[in-house]
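Trainee: Let me see the structure of the following:
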Amino acid sequence: MLYIEQIRPELTWRLRQSVLYSAKKLYQMEMDEDNNGYHFGAFQDNKLVAVVSLFLNGEDCQFRKFAVNNSTQHQGVGSALLQHITNFAIDESATRLWCNARTTAIGFYLKQGFNHTGKLFTKNGVNYEILEKKL
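Mentor: Residues are numbered from 1 along each chain as shown. Coordinates of the predicted model:
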């Protein structure tokens, strides 16, 4: 059974590292803005299998560091977590949800109703596009 709940920022770090930044140290996973956001975890059989951090800025809502454990990808966990934070953003009166999507994940986000913005960039050797969804 999958359940999603709000978690402390430091509980996101291990999955952030193992899925997104395997070459970095665990202590490098903390973001300065962690204390200003909301953090959510998806649990399966009481094991944390996906995390995401959400940052509200007026009616704009950005999510960052969306990581799903490799062994649970393609099982609907990421979709469920993304729907959960979408509902949370709507409840907080956000009108736009957006992210810096790795180009390797764009297909996933498009299936979830996100749209291209055409804003592309590269950071630390990773290619991204800003994707958005009107709420």
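Trainee: For the rest of this, base every contact and every neighbour count on C-alpha atoms.
Mentor: Fine.
Trainee: per-residue confidence for the residue positioned nearest the centre of the chain?
Mentor: Central residue of the chain (C-alpha atoms, centre = their mean): residue 66, 2.6 Å from the mean position. You'll see residue 66 listed with a pLDDT of 94.
Trainee: Likewise for the one 10 residues further on?
Mentor: Note for residue 76: predicted pLDDT of 93.
Trainee: related to what we said a few turns ago, I'd guess the residue nearest to the centre of the chain is in a helix, am I close?
Mentor: No - counting by DSSP: H, G, I helix; E, B strand; the rest coil, residue 66 is located in no helix; its state is strand.
Trainee: got the contact list for the residue nearest to it when sequence neighbours are not counted?
Mentor: In this structure, residue 66 finds its nearest non-sequential neighbour in residue 52, 4.3 Å apart by C-alpha to C-alpha, 6 or more residues apart in numbering. Listed by C-alpha atoms under 8 Å, 6 or more residues apart in numbering, the contact partners of residue 52 are 12, 39-41, 63-67, 81.
Trainee: No further queries at this time; thank you.
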